[in-house]
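In: sequence plus predicted model, see below.
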Number of protein chains: 2
Amino acid sequence: VPASPTDREDLRERVTKAVEAFLARQRPRLDAISVDLTPVTDALESFLLDGGKRLRPAFAYWGWRGAGGQDSDAIVAAAAALEWLQASALIHDDVMDGSDTRRGRPAVHRRFAAIHRGEGWAGAPESFGTAAAILLGDLALIWADEMLNTSGLSPQALVRAQPVYDEMRTELMAGQYLDLLEQAMGGQSVERAMTVARYKSAKYTIERPLHFGAALAGADAEIVAAYSGYGLPLGEAFQLRDDVLGVFGDPSETGKPAGDDLREGKRTVLIAKTFAAATPGQAAVVRRHLGDPGLSDDGVGRLREIITETGALAETEAVIAELTDRALAALDVGGLDVTAREVLHELAAAATARRG
Amino acid sequence: VPASPTDREDLRERVTKAVEAFLARQRPRLDAISVDLTPVTDALESFLLDGGKRLRPAFAYWGWRGAGGQDSDAIVAAAAALEWLQASALIHDDVMDGSDTRRGRPAVHRRFAAIHRGEGWAGAPESFGTAAAILLGDLALIWADEMLNTSGLSPQALVRAQPVYDEMRTELMAGQYLDLLEQAMGGQSVERAMTVARYKSAKYTIERPLHFGAALAGADAEIVAAYSGYGLPLGEAFQLRDDVLGVFGDPSETGKPAGDDLREGKRTVLIAKTFAAATPGQAAVVRRHLGDPGLSDDGVGRLREIITETGALAETEAVIAELTDRALAALDVGGLDVTAREVLHELAAAATARRG
């Protein structure tokens, strides 16, 4: 058993190494089918290894440790499986949003469109790129399971965690669909936006990974409840931070163009709060510019001013702080491993005070 | 334990009932998240219950029985899980191909585009339809696992089958990608088209479902080998029948427009054989019309004539017959359950002599 990693950077690295080891097993399998599959493995490798905060594996790992599970390479590999799930969601998300970039590099569908264009193949490069990205996202979704099932954890542990794992994935897809619907309906309701945030992010990013680790470890009901008390408010705070970064974030830290969410017309809680507090004049400006793909930097600046002037930004920051406090208080239960409690405090800060 | 079903229609109905029962458990779960998810459940329900030959569940079930497994509702539910996997593949396939219909009804992406149009929502109906179909395909892929894991089979059986299940899914995605690539490269090679058929269909439709059932039952190596000897040639024959139906099939039986594969420009073994045997004049006609979305019925007729005149059709039919014979011969091994052998003979006929 390796030394217990209390350092977050160290766990990040172990997760990356576990993904690398898994990919080293998958590559020859695909090669054996056809050498034409090399671009598929390459694209997944670069997507998985070139970035990612590894937040979900961290919560899964510390969910396990908090419930008294011992450190092992097997639990790191099982936790790392969530990176494949996240990769699948992001690859498909970029297709659905028509996003050009991800983590500062071409999105997977753009990458395959470029290959198509470079080779001068038949048909539209964009269609090829979209189709390839759909398949790669599917493969990532499948490989999440495979990485989990071959992690080395006992069959009993895997059987215990399967219902949580299934629940997490269904909730993720439900949240994604509700988000899509909210954008299509041009929603301006704070309540609806909060529901999306709850399912798409709060549960999926924090609560369910914690529950997943807890189930693998066979945790008792008190620990599971504490993880909900911590995970749900923190997850909402995490999503609100995302919303703020989507408008005010520094491109060099977020890897996305400044004000990207504004051009995309994303209906976030921040925007809903803005509408709720805006004067008729301000609301008209927001309605006119929000979702304009060609919005200038000046336009982004004007919208930022309104979001600030209405108090929506300050109010959102206050909610983030309050939710984070509530999350931390929920960890004060007996039976929770002390080291895990400490790290979960750190992770709460990292999730809500991050800049990218 | 219910009576042993040797009748294929009876098994089909039990598979459908198992899917219905699973959906009856999933619907309230999605409803609890949001009533806005009703169209999601409805679309999946109509996709899963309104058609499908249930071929993969049949091979999985008889793979289990052939290896000595006893009939039970649990094995029927586990086998039925493969219908969700197939639904996922088809929903995503229709997005990738831009197909309007599936089984004579609007494809899932068209269904959601129509909802969007009917509600007059913001943005392009097509983009909404595509995004929704990507998510529904993802959900179907996830629900395949969930149906398998909640089938009622023992954890030991599930753990035994997991590697085959993972292999099957990875091969499916690999085959789909190679198919996509082959279309983009405008391939005219019989060999490459056969590789696609092998991975996309032969293994995925027949060999792997049989292996999946065999692994659930804990079959020995001889049975597993016999299933490969049967499944691979039969699967290729199945795909060749598909190719023939895509050109010569009756729309009332296939649920697709006549000559659909020709308008789509599908690079099948049938087309590769046509090119291989065509005169320069015939080849020029095929090259000109193949992949023309606006190809008239007369044009379809002209291409059919060439495919027949070159001998490509007769040759393909001969290969189908030869592959089917080879498949049946592979079942002559001791240890294979007699009833299962009988039904696998019937299924071979059904898979290769079908009209839709």
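Out: Sure thing, it's come through.
In: just checking, next helix/strand downstream of the one helix or strand in chain A whose mean pLDDT sits lowest?
Out: Using mean pLDDT, DSSP states H and E, the weakest-scoring helix or strand in chain A turns out to be helix A:190-197, at a mean of 77. Remark: after helix A:190-197, the chain's next helix or strand is helix A:208-217, criterion DSSP states H and E.
In: what's downstream of that next one, the next helix or strand?
Out: helix A:221-248.
In: mind listing what's buried along whichever strand or helix holds A:S127?
Out: Here A:S127 sits within helix A:125-149, counting by DSSP H and E. Residues A:125, A:127-149 are the ones in helix A:125-149 that count as buried (16 or more other CB atoms under 10 Å in any protein chain shown). For glycine as for every other residue, the C-beta is placed from the backbone atoms N, C-alpha and C.
In: just stretch A:282-289 next, same as before
Out: Applying 16+ other CB under 10 Å to stretch A:282-289 flags A:Q282, A:A283, A:V285, A:V286, A:H289 as buried.
In: residues in contact with the closest residue to the last one other than its chain neighbours?
Out: This means A:H289. Closest residue to A:H289 apart from its sequence neighbours, by CB to CB, 6 or more residues apart in numbering or on different chains: A:G299 at 5.2 Å. Contacts for A:G299 were tallied using CB atoms under 8 Å, 6 or more residues apart in numbering or on different chains; they are A:L262, A:H289, A:D292.
In: report the angle between the axes of the helix holding A:S127 and helix A:208-217?
Out: With axes from the mean of the first three to the mean of the last three CA atoms, to 10 degrees defining the directions, helix A:125-149 sits at 30 degrees from helix A:208-217.
In: so does helix A:125-149 get close to chain B?
Out: Yes. Applying CB under 8 Å from any CB of the partner chain, one finds helix A:125-149 touching chain B at A:127-128, A:130-132, A:134-135, A:137-139, A:141-143, A:145-146, A:149.
In: ok now that helix, how far from the chain's centre?
Out: Centre-to-centre, helix A:125-149 and its host chain are 17 Å apart (CA atoms, centre = their mean, to the nearest Å).
In: now stretch A:84-99
Out: The answer for stretch A:84-99 is 10 Å, by CA atoms, centre = their mean.
In: scan chain A for its longest helix.
Out: The longest helix of chain A (DSSP state H) is helix A:155-184.
In: mind pulling the model confidence for the closest residue in space to A:G104 that isn't next to it in sequence?
Out: Counting by CB to CB, 6+ apart, A:G255 is the residue found nearest to A:G104 once chain neighbours are left out, at 3.9 Å. Note for A:G255: predicted pLDDT of 77.
In: what residues are up against A:G255?
Out: A:G51, A:T101, A:R102, A:R103, A:G104, A:G356.
In: next up, phi/psi of the fourth one, please.
Out: This means A:R103. Torsion angles at A:R103 (phi, psi; degrees, to the nearest 10) stand at phi 50, psi 40.
In: contact partners for it?
Out: Taking CB under 8 Å, 6+ apart as the test, what A:R103 contacts is A:D50, A:G51, A:G52, A:G255.
In: including secondary structure, could those go into CSV?
Out: As requested, the contacts of A:R103 are exported to CSV (DSSP: H, G, I helix; E, B strand; the rest coil):
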residue, secondary structure
A:D50, coil
A:G51, coil
A:G52, coil
A:G255, coil
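In: redo those residues as a markdown table? Include distance to A:I320.
Out: Shown next, in a markdown table, are the contacts of A:R103 (distance: CB to CB, whole Å):
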| residue | distance to A:I320 |
| --- | --- |
| A:D50 | 28 |
| A:G51 | 24 |
| A:G52 | 22 |
| A:G255 | 21 |
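In: from those, list just the buried residues.
Out: Taking 16+ other CB under 10 Å as the criterion, what is buried in the contacts of A:R103 is A:G52.
In: and for A:A318, the neighbour number?
Out: 11 (other CB atoms under 10 Å in any protein chain shown).
In: so how far is chain B from it?
Out: Using CB to the nearest CB, to the nearest Å, A:A318 is found at 27 Å from chain B.
In: what do you get for A:L295?
Out: With CB to the nearest CB as the criterion, A:L295 and chain B are 16 Å apart.
In: wait, a strand at that residue?
Out: No. Applying three-state DSSP, one finds A:L295 to be coil, outside a strand.
In: tell me who's in contact with it.
Out: A:G259, A:L262, A:R263, A:H289, A:L303.
In: hmm, try it at 10 Å
Out: With contact set as CB atoms under 10 Å, 6 or more residues apart in numbering or on different chains, A:L295 has these partners: A:G259, A:L262, A:R263, A:E264, A:G265, A:R288, A:H289, A:R302, A:L303.
In: just the buried ones out of those residues, please.
Out: Neighbour-count burial (16+ other CB under 10 Å) applied to the contacts of A:L295 gives A:G259, A:L262, A:R263, A:E264, A:G265, A:H289, A:R302, A:L303.
In: looking at the residues you listed, which one is closest to chain B?
Out: A:G265 (7.9 Å; CB to the nearest CB).
In: coming back round to it: with pLDDT and secondary structure added, can I get the contacts of A:G299 in CSV?
Out: Shown next, in CSV, are those (pLDDT from 0 to 100; DSSP: H, G, I helix; E, B strand; the rest coil):
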residue, pLDDT, secondary structure
A:L262, 94, helix
A:H289, 95, helix
A:D292, 93, coil
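In: before we move on, back to that, out of the buried ones among the contacts of A:L295, which sit inside helices?
Out: A:L262, A:R263, A:E264, A:H289, A:R302, A:L303.
In: show the contacting residues for the residue nearest to the last one when sequence neighbours are not counted.
Out: Put plainly, it is A:L303. Leaving aside its sequence neighbours, A:L303 sits nearest to A:L262 (CB to CB, 6+ apart; 5.4 Å). Going by CB under 10 Å, 6+ apart, A:L262 touches A:246-247, A:268, A:271, A:286, A:289-292, A:295, A:299-300, A:302-304, A:307.
In: residues touching A:T16, list them.
Out: Neighbours of A:T16 in contact, by CB under 10 Å, 6+ apart: A:L48, A:L49, A:G52, A:R54, A:P57, A:A80, A:E83.
In: and the first one, what pLDDT?
Out: So that's A:L48. The score at A:L48 is 95. That number is its pLDDT.
In: my guess is it is in a helix, correct?
Out: Yes. Under three-state DSSP, A:L48 falls within a helix.
In: and the nearest residue to it once chain neighbours are set aside, how far from A:A87?
Out: Closest residue in space to A:L48, ignoring its immediate chain neighbours: A:V19 at 5.2 Å, by CB to CB, 6+ apart. A:V19 sits at a distance of 9 Å from A:A87 (criterion: CB to CB, to the nearest Å).
In: can you pull the contacts of A:K273?
Out: Applying CB under 10 Å, 6+ apart, we find A:K273 in contact with A:190, A:193, A:240, A:243, A:307, A:310-316, A:319.
In: likewise for A:F248?
Out: A:T254, A:A258, A:G259, A:D261, A:L270, A:V300, A:R304, A:I307, A:T308, A:L313, A:R355.
In: from these, which is closest to B:G335?
Out: Of all the contacts of A:F248, A:T254 has the smallest distance to B:G335: 61.0 Å, by CB to CB.
In: my guess is that closest one contacts A:R102. True?
Out: No. Judged on CB atoms under 10 Å, A:T254 makes no contact with A:R102 at a distance of 11.2 Å.
In: looking at these two, which one has more neighbours?
Out: Between A:T254 and A:R102, counted using other CB under 10 Å, A:R102 has the larger neighbour count: 22 against 19.
In: correct me, but that one touches A:L48?
Out: No. With contact defined as CB under 10 Å, A:R102 does not count as touching A:L48 (11.9 Å).
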